[in-house]
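Undergrad: dropping the sequence and predicted coords here.
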Amino acid sequence: VRRNPGEPEFHQATQEVLHALKPVLATRPDLLEARIVERLCEPERQVIFRVPWVDDTGTVQVNRGFRVEFSSALGPYKGGLRFHPSVTSGVVKFLGFEQIFKNALTGLGLGGGKGGSDFDPKGRSDAEVMRFCQSFMTELHRHLGEKTDVPAGDIGVGGREIGYLFGQYKRLTNRFEAGVLTGKGVGWGGSHARTEATGYGVVHFLQEMLATRGLSLEGRGVVVSGSGNVALYAIEKIQALGGKAVACSDSSGYIVDENGLDLDLLKEIKEERRGRLTAYAEARPGAVHSERGSVFDVPCDIALPCATQNELGQQHAVALAKNGVLAVAEGANMPTTPEAVEVLRQADVLFAPGKAANAGGVATSALEMRQNASLQQWSFERTETELASVMRDIHALCRTTADTYGDADDYVLGANAGGFLRTAEAMAAQGVV
Ligand code: NDP
């Protein structure tokens, strides 16, 4: 805390990991002696930069840009960019730290990093977003490279932003270096199924987790927080597998639709109009929009927090447990507070931490990099099959690792220990660097 003042999210993420690693470190004096944990908690490199741009009224705006290159033990730095007014160095560092373990779990040769800006794309015109992205990339490009650091999207950064960022990178470097960014359009180097990957991956992981108790998704009521990229495609997969998603949220509140969410309508509002969920309730008979309370108060069998960090607190976990929730799988990064995780654990609710459950996005980014490197484009079906197989492998690794050091159902232990050991072994082998 003294070394990293004013970074509460980073403290929270490191504390969770270090707590989970206790039984592992107790058996590995060699890793303690090599000071792997201390080295892992210190990013290899961080850049913080000014992002000046001119808005549509001709006014100069100034934002702050970040890129934290946390660990290259297993491959090039890899992790998304977040554009949201809440972005601070503590947020970027917590996300970059989590990314190390997540990327290690995929087994696809990726280091960990994260970046972003306090820029708020909401209410900005396409031209303003483009000018911001161009200014952001004008500084960031010198730190990137397909074998060095490969960003992708996150909150506030989707296909539109990746397009503008890639265009500026290409212009500055005079190279069509497809593998330098992932989440590109499928017509110019992007991978099929990357848009869907994180949400689909969460549901694949959830399916595996339910199967350990002989349960399936068929007929299950599901509540999802958020209504962005991860949430929408989690809902799509839930519906495809026979579940019933009945509620989702955005920063304006949440909607409940007991008939099951109309995904086409949701996509039209969120992906095309970039609108609010109030529009859903206006268009869909029987759907109710609420600003009071939380989406997690809605009774369900399964909850998927897919919006942002610390959105599912203790009181929400108590409500979920009281309503008999069977499983919680994190689509977002660190959405469940430590107190809420404890409530779920006490209630014997299956709990999948984000670094395992939402790894499908970065895994498919790695598949996009492979396609770029080999000048190929795989079909949607092939990419999704590979994604499903990666998620099954991550699930299996979490369980076997958790079983070795404690209880197989402890996915927090399994995910942290599994990701840590892969990274730590590589660091130990590469010497004190
Ligand atoms: P989007 O920007 O597409 O969507 C974010 C959603 O969460 C929106 O509905 C947004 O509502 C809501 N939200 C965000 N911040 C807040 C807030 N402070 N309070 C209330 N609601 C909020 O982002 P993604 O779907 O890409 O990301 C969601 C989560 O998933 C993040 O934690 C991200 O790190 C994680 N993740 C994303 C991956 C990806 O591939 N995209 C991969 C792995 C993890 P509103 O529009 O009203 O702000």
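TA: On my side now, so go ahead. Small disclaimer: the values here were computed from a predicted structure and weren't measured.
Undergrad: pull the contacting residues for Thr106.
TA: 359, 362-363, 366, 390, 394 (C-beta atoms under 8 Å, 6 or more residues apart in numbering). Every residue, glycine included, has its C-beta placed from N, CA and C.
Undergrad: pick out the most distant pair among these.
TA: The span of these, defined through C-beta to C-beta, is set by Ala366 and Ile394 at 12.7 Å.
Undergrad: neighbour count: these two, which is higher?
TA: A side-by-side neighbour count of Ala366 and Ile394, using other C-beta atoms under 10 Å, places Ile394 first with 29 against 22.
Undergrad: dihedrals phi and psi, the residue of the chain positioned farthest from its centre?
TA: In terms of distance from the mean C-alpha position of the chain, Gly58 ranks first, at 34.9 Å (C-alpha atoms, centre = their mean). Taking degrees, to the nearest 10, you get phi 90, psi 10 for the backbone angles of Gly58.
Undergrad: check the gap between the residue of the stretch 201-350 of the chain found nearest the ligand and Gln346 for me.
TA: Among the residues of the stretch 201-350 of the chain, Gly228 lies closest to the ligand, at 1.7 Å counting by C-beta to the nearest ligand atom. Look at Gly228 and Gln346: by C-beta to C-beta, to the nearest Å, they are 31 Å apart.
Undergrad: more neighbours: which of those two?
TA: More crowded of Gly228 and Gln346, by other C-beta under 10 Å: Gly228, with 21 against 10.
Undergrad: hmm, that one is touching Ala307, no?
TA: Yes - Gly228 is within contact range of Ala307, at 7.3 Å (criterion: C-beta atoms under 8 Å).
Undergrad: who touches both of these two?
TA: Common contacts of Gly228 and Ala307, defined by C-beta under 8 Å, 6+ apart, comprise Asp250.
Undergrad: so which bits of the stretch 251-400 of the chain are right by the ligand?
TA: Residues of the stretch 251-400 of the chain lying close to the ligand by C-beta under 6 Å from any ligand atom are 251-252, 306-308, 331-333, 358, 361.
Undergrad: mean confidence for the longest helix belonging to the chain?
TA: In the chain, taking DSSP state H as the definition, the longest helix is helix 380-405. Helix 380-405 carries an average pLDDT of 98.
Undergrad: do the same with stretch 14-30
TA: The average pLDDT within stretch 14-30 is 97.
Undergrad: run through who's touching that stretch.
TA: Under C-beta under 8 Å, 6+ apart, the answer for stretch 14-30 is 31-32, 37, 41, 97, 101, 334, 338, 405-406, 412-413, 416-417, 420-421, 424, 428.
Undergrad: longest single strand anywhere in the protein?
TA: Counting by DSSP state E, the longest strand found in the chain is strand 60-71.
Undergrad: got the CA positions of that strand in CSV?
TA: Taking C-alpha atoms only, strand 60-71 is exported to CSV below (Å, rounded to 0.1, in the frame of the first residue of the first chain):
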residue,chain,number,x,y,z
VAL,A,60,-9.2,21.6,-27.0
GLN,A,61,-9.7,18.6,-24.7
VAL,A,62,-7.0,16.9,-22.6
ASN,A,63,-7.2,13.3,-21.4
ARG,A,64,-4.7,11.0,-19.8
GLY,A,65,-3.6,7.7,-21.5
PHE,A,66,-2.1,4.7,-19.8
ARG,A,67,-0.4,1.5,-20.8
VAL,A,68,0.9,-1.0,-18.2
GLU,A,69,3.2,-3.6,-19.6
PHE,A,70,3.0,-6.0,-16.7
SER,A,71,4.6,-9.3,-17.6
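Undergrad: so that strand, near the ligand or not?
TA: No - applying C-beta under 6 Å from any ligand atom, one finds strand 60-71 out of contact with the ligand, separated by at least 13.9 Å.
Undergrad: how distant is the helix or strand following that strand from the center of its chain?
TA: Sequence-wise, the next helix or strand downstream of strand 60-71 (DSSP states H and E) is strand 77-83. Centroid separation for strand 77-83 versus its chain: 10 Å, with C-alpha atoms, centre = their mean, to the nearest Å.
Undergrad: and the angle from strand 77-83 to strand 60-71?
TA: Calculated by axes from the mean of the first three to the mean of the last three C-alpha atoms, to 10 degrees, strand 77-83 forms an angle of 160 degrees with strand 60-71.
Undergrad: quick check: mean pLDDT of the next helix or strand after strand 77-83?
TA: Using DSSP H and E, the helix or strand that follows strand 77-83 towards the C-terminus is helix 89-106. Here helix 89-106 scores 98 as its mean pLDDT.
Undergrad: and helix 89-106, how far from the chain's centre?
TA: Distance of helix 89-106 from the chain centroid (C-alpha atoms, centre = their mean) equals 9 Å.
Undergrad: hey, C-alpha coordinates of that helix in CSV?
TA: The C-alpha coordinates for helix 89-106 follow below in CSV (Å, rounded to 0.1, in the frame of the first residue of the first chain):
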residue,chain,number,x,y,z
SER,A,89,-3.6,4.1,-12.9
GLY,A,90,-4.9,1.9,-10.1
VAL,A,91,-7.7,0.6,-12.3
VAL,A,92,-5.3,-0.1,-15.2
LYS,A,93,-2.8,-1.8,-12.9
PHE,A,94,-5.4,-4.1,-11.3
LEU,A,95,-6.6,-5.1,-14.8
GLY,A,96,-3.0,-5.6,-16.0
PHE,A,97,-2.2,-7.7,-13.0
GLU,A,98,-5.3,-9.9,-13.4
GLN,A,99,-4.5,-10.3,-17.1
ILE,A,100,-1.1,-12.0,-16.3
PHE,A,101,-2.9,-15.0,-14.7
LYS,A,102,-5.8,-15.1,-17.2
ASN,A,103,-3.5,-15.1,-20.1
ALA,A,104,-1.3,-17.8,-18.5
LEU,A,105,-4.4,-20.0,-18.0
THR,A,106,-5.2,-20.0,-21.8
